[in-house]
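# Could you work out the structure for the sequence below:
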Amino acid sequence: MSLLILVVDDEPDVEVLFRQQFRRDLRADRFTMEFAQSAPMALQRITDAAGVSLILILSDINMPGMSGLELLPKAKALRPDVPVIMITAYGDADTKRKALEGGAEALLTKPIDFVVLRTEIETRVERAA
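Residues are numbered from 1 along each chain as shown. Alright, predicted model coming up:
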């Protein structure tokens, strides 16, 4: 069974960064990563992934159009079983409160601590196994 992690961020370099950080896992087919450059694209992918083992959604908060905080309840409505971790460059208390109240499992700040993120991903991979 293929495990999918969806990364939502409008910055094109995020995909390159994530693919570099997790290249061994991706090559070993431990999980796959897909990237959406906007919240509407992410919602479409979540809908399309109904039969796929989507184990985690990582979403930036500040994006043009629909923000990550606006995406959060819509993503949770479509897939209440899938944990969402929000990512932001502005980790203030108000943003963190809104994310957690909206159903996010956690809030990571940029630059991303990939050691922490790897731990979060490992937890999800083990749960799905």
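
# how about low-confidence regions in this structure?
1 (pLDDT under 70).

# which residues in it form helices?
Ranges of helices in the chain, per DSSP state H, are 13-21, 23-27, 39-48, 68-78, 93-101, 114-128.

# Of all the residues in the fourth one, which ones are buried?
Spelled out, it's helix 68-78. Within helix 68-78, the residues that qualify as buried are Gly68, Leu69, Leu71, Leu72, Ala75, Lys76, Leu78, counting by 16 or more other C-beta atoms under 10 Å. Just so you know, the C-beta spots here come from the backbone N, C-alpha and C atoms, and that holds for glycine as well.

# With the longest one instead?
Along helix 114-128, the positions that meet the burial threshold by neighbour count (16+ other C-beta under 10 Å) are Leu117, Glu120, Ile121, Arg124, Val125.

# Is it correct that the third one is in contact with Arg30?
Right, the one you point to is Ile121. No: Ile121 sits out of contact with Arg30 when judged by C-beta atoms under 8 Å, with a separation of 9.0 Å.

# Okay, and the beta partners of the closest residue to Val52 other than its chain neighbours?
Beyond its immediate neighbours in the sequence, the residue positioned closest to Val52 (C-beta to C-beta, 6 or more residues apart in numbering) is Leu4, lying 5.2 Å away. On DSSP bridges, the residues paired with Leu4 through beta bridges are Thr32, Leu54.
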